[in-house]
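1. Here's a sequence, model it:
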Amino acid sequence: MEKYIEILQNHADFRKVTLREAFLDAGVPTSTFYRSKKGKELRYKTALKVLESIDKLSALQTNH
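-> Sure, this is the predicted structure:
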């Protein structure tokens, strides 16, 4: 089973968005980003906020 951070990274890569930037835009602390990269699992609610942020940032890029 894929971890949330892997799913988010794949989605961010596909949308051409920096995952760290998406965490910041979602209001999630960078410490949570780095902990998840080191293997600590994200909460579903946190992952969903970041996923929505990835889509938002991607839409902003395509509009400009």
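2. Would you mind listing the buried residues in stretch 45-57?
-> 46-47, 49-51, 53-54, 57 (16 or more other C-beta atoms under 10 Å). All C-beta atoms are positioned from the backbone trio N, CA, C, and that covers glycine.
3. JSON lines please, covering those and showing pLDDT and secondary structure.
-> Shown next, in JSON lines, are the buried residues of stretch 45-57 (pLDDT from 0 to 100; DSSP: H, G, I helix; E, B strand; the rest coil):
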{"residue": "Thr46", "pLDDT": "98", "secondary structure": "helix"}
{"residue": "Ala47", "pLDDT": "98", "secondary structure": "helix"}
{"residue": "Lys49", "pLDDT": "98", "secondary structure": "helix"}
{"residue": "Val50", "pLDDT": "98", "secondary structure": "helix"}
{"residue": "Leu51", "pLDDT": "98", "secondary structure": "helix"}
{"residue": "Ser53", "pLDDT": "98", "secondary structure": "helix"}
{"residue": "Ile54", "pLDDT": "98", "secondary structure": "helix"}
{"residue": "Leu57", "pLDDT": "97", "secondary structure": "helix"}
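4. quick check, nearest of these to Glu6?
-> Here the nearest of the buried residues of stretch 45-57 to Glu6, counting by C-beta to C-beta, is Ala47; it sits at 10.5 Å.
5. Next one: the closest residue in space to the closest one that isn't next to it in sequence relative to Glu52, how far apart?
-> Spatial nearest neighbour of Ala47, excluding adjacent residues (C-beta to C-beta, 6 or more residues apart in numbering): Tyr4 at 3.9 Å. Separation of Tyr4 from Glu52 (C-beta to C-beta, to the nearest Å): 13 Å.
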